[in-house]
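Trainee: next come a sequence and a model predicted from it.
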Amino acid sequence: MAFEIIVIGTSLGGLSALRVLLGSLPRDFPLAIAVVQHRYKDFNNSLSSFLQQFLSLPIKDVEDKDPIQPGKIYLAPADYHLLVEPGYFSLSIDEPVSFARPSIDVLFESAADTYRDRTVGIVLTGANHDGARGLSSIKTANGLTIVQDPASAESNIMPLAAIAATCVDAILPLAEIAPYLMNRCASVRS
Amino acid sequence: MSTPHPTSHTPRPTPSPDLEEIEIQLLLEGVYRLYGFDFRNYAPSSLKRRVRNLMEAEALSSISALQDRVLHDTSCMERFLLGVTVHVTAMFRDPGFFVRFRNQVVPLLSTYPFIRIWHAGCSTGQEVYSLAILLLEEGLYHRCRIYATDMNERVLQKAKSGIYPLELMQEYTQLYLKAGGKRSFSEYYTAAYDNAAFRASLRENIIFSQHNLATDHSFNEFHVILCRNVLIYFDPVLQKRVHQLFYDSLCPLGILGLGRQETLRLTPYEPHYEELGDRIYRRLH
Ligand SMILES: C[S@@+](CC[C@H](N)C(=O)[O-])C[C@H]1O[C@@H](n2cnc3c(N)ncnc32)[C@H](O)[C@@H]1O
């Protein structure tokens, strides 16, 4: 089975978790990656330039209708929901979902709808329940579901909620997620 | 590796997603043919989200059931119209945009004796009042005519009334100041109970009217067109149509203002504009 997109959701503690996870991916990593990191709505587009220093893959705040390209990291911009469409991203300013905009559930559910079993969903550290429903949609669509080991998470509420909501495929310490992805995604390339 | 007996596949237990897609297409087709509202080229994922929410709000178990109700019951169609489009808006949202407008667009506009502005997708009007306030403070308002349009009558009525919850004013005041506001924001409205009513003089030169970007044509030539956070709900095909409409409706050197994460980059019109910054574009010829 060939994966096409990885969606990642995180909240409290996400900045350092993203640094570790995304920073360990090599320059030739073959999939598109879309990330929701909860943040304050005035926290404009400086997060991507902050993260870029630690990454070998290019990262950008999504502009409406950006094409989904392998080997790039796409960040949901502050105060917009990020949705996956066939081949491109859309943004929306719909009401916040469980107080969050961007919302992890919105990204995950649209990825599951559009890319079905070619989706990989990852829930990282966070202090709320966003992402739990979305991850179970990915599971229902037969995608691959991964959760950061709650014990290794700065805040374990979000990982625990995701684990409670669905029967996830892998629960991994933060440092092992990138190697796991490289393994799973490299094996489908040939 | 092969699958020798495709017929031996057991059918999926969950409703197939393709079925849902078919149902949505039929629903949109029906709405278009019966009511003339065309949602067929909206961005599919965000539209699907709204349609599902609506189905739940109507306590229905399938999109086909929603279609049945929408086509037979005009009050349900009204709820559909309100539910399927997003009306979230604010005053002076993205203050940087208004600062840039003040500093770079106002000087250009001040050379015209009369200024025609089209505000497309104005929703409940907060942005139009923001613009009116800015133009008033810059001494241009009396020379302006602002056409504020939306496809939805309901939200236009709210826009016309200029009455918003008082509790929002604190946030709006902050944004107004960040946007370079020059007076005290409370000068522009009167508080009554839980509401803030904006001064009637602010809408003296605003004409509110219904216009659908998916189906209607141009109705004038403008010096400025603002359309923020509307095109994000369209797919690339409809976006292209609307950009053509805007291009054709702008006078040479006219100004086009988009939302913070919107660009002309993926459209054929990019070479015909220069960007002044903060999503403000100027038509070249
Ligand atoms: C999210 S609001 C944007 C409000 C405001 N411009 C802002 O950015 O704060 C989107 C608006 O676009 C309107 N809209 C959606 N489709 C439209 C169409 N085809 N023609 C005209 N208006 C449309 C909706 O009714 C809604 O009021």
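Mentor: Perfect, I can see it now.

Trainee: roughly how far apart are the residue of chain A at minimum distance from the ligand and B:Val84?
Mentor: Of all residues in chain A, the one sitting closest to the ligand is A:Ile93 (5.2 Å; C-beta to the nearest ligand atom). Every C-beta, even on glycine, is put in place using the N, C-alpha and C of the backbone. Look at A:Ile93 and B:Val84: by C-beta to C-beta, to the nearest Å, they are 15 Å apart.

Trainee: strands along the chain, start to end?
Mentor: Using chain A here. Listed in chain order, the strands of chain A (DSSP state E) span A:5-10, A:32-37, A:59-61, A:73-75, A:81-84, A:89-92, A:119-123, A:144-148, A:170-172.

Trainee: that's the wrong chain, I wanted chain B
Mentor: Assigned by DSSP E, the strands in chain B fall at B:115-120, B:144-150, B:163-165, B:189-192, B:195-198, B:206-210, B:222-227, B:250-258, B:273-277, B:280-283.

Trainee: mind putting those strands in JSON lines, mean pLDDT included?
Mentor: Shown next, in JSON lines, are those (pLDDT from 0 to 100):
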{"stretch": "strand B:115-120", "mean pLDDT": "98"}
{"stretch": "strand B:144-150", "mean pLDDT": "98"}
{"stretch": "strand B:163-165", "mean pLDDT": "98"}
{"stretch": "strand B:189-192", "mean pLDDT": "95"}
{"stretch": "strand B:195-198", "mean pLDDT": "98"}
{"stretch": "strand B:206-210", "mean pLDDT": "98"}
{"stretch": "strand B:222-227", "mean pLDDT": "98"}
{"stretch": "strand B:250-258", "mean pLDDT": "97"}
{"stretch": "strand B:273-277", "mean pLDDT": "96"}
{"stretch": "strand B:280-283", "mean pLDDT": "98"}
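
Trainee: contact residues of the stretch 51-200 of chain B facing the ligand?
Mentor: When proximity is defined as C-beta under 6 Å from any ligand atom, the stretch 51-200 of chain B approaches the ligand at B:85-90, B:93, B:121, B:123, B:127, B:150-152, B:155.

Trainee: so which of those are in helices?
Mentor: Of these, the ones assigned to helices by DSSP state H are B:127, B:155.

Trainee: only whichever of the residues of the stretch 51-200 of chain B next to the ligand are buried, select them in ChimeraX.
Mentor: The ChimeraX selection below is limited to those of these classed as buried (16 or more other C-beta atoms under 10 Å in any protein chain shown):
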select /B:85,86,87,89,90,93,121,123,127,150,151,152,155
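
Trainee: closest to B:Glu167 out of the residues of the stretch 51-200 of chain B next to the ligand?
Mentor: The closest of these to B:Glu167 turns out to be B:Ala90 (C-beta to C-beta; 12.9 Å).

Trainee: contacting residues for B:Gly259?
Mentor: Shown in contact with B:Gly259 (C-beta atoms under 8 Å, 6 or more residues apart in numbering or on different chains): A:64, B:94, B:228-232, B:279.

Trainee: over to A:Leu135?
Mentor: A:Leu135 sits next to A:108, A:121, A:123, A:145, A:147, A:162, A:165-166, A:168 when contact means C-beta under 8 Å, 6+ apart.

Trainee: how many neighbouring residues does B:Ile63 have?
Mentor: 23 (other C-beta atoms under 10 Å in any protein chain shown).

Trainee: contacts only, for it.
Mentor: By C-beta under 8 Å, 6+ apart, the contact set of B:Ile63 is B:20, B:23-24, B:27, B:51-52, B:55.

Trainee: 10 Å instead?
Mentor: B:19-27, B:48, B:51-52, B:54-55, B:70 (C-beta atoms under 10 Å, 6 or more residues apart in numbering or on different chains).

Trainee: related to what we said a few turns ago, and which of the contacts of A:Leu135 is nearest B:Met77?
Mentor: Nearest member of these to B:Met77, counting by C-beta to C-beta, is A:Phe108, at 31.2 Å.

Trainee: can you give me the pLDDT of that closest one?
Mentor: As predicted, A:Phe108 sits at a pLDDT of 98.

Trainee: same question, the one 3 residues further on
Mentor: Model confidence at A:Ala111, given as pLDDT, is 98.

Trainee: for B:Thr7, same thing?
Mentor: The model's pLDDT for B:Thr7 equals 42.

Trainee: quick revisit: kindly reformat the strands of chain A as TSV containing mean neighbour count and mean pLDDT.
Mentor: Below are the strands of chain A laid out as TSV (neighbours: other C-beta atoms under 10 Å in any protein chain shown; pLDDT from 0 to 100):
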stretch	mean neighbour count	mean pLDDT
strand A:5-10	27	98
strand A:32-37	24	98
strand A:59-61	18	96
strand A:73-75	23	98
strand A:81-84	29	98
strand A:89-92	26	97
strand A:119-123	28	98
strand A:144-148	26	98
strand A:170-172	17	98
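
Trainee: thank you kindly, that will do.
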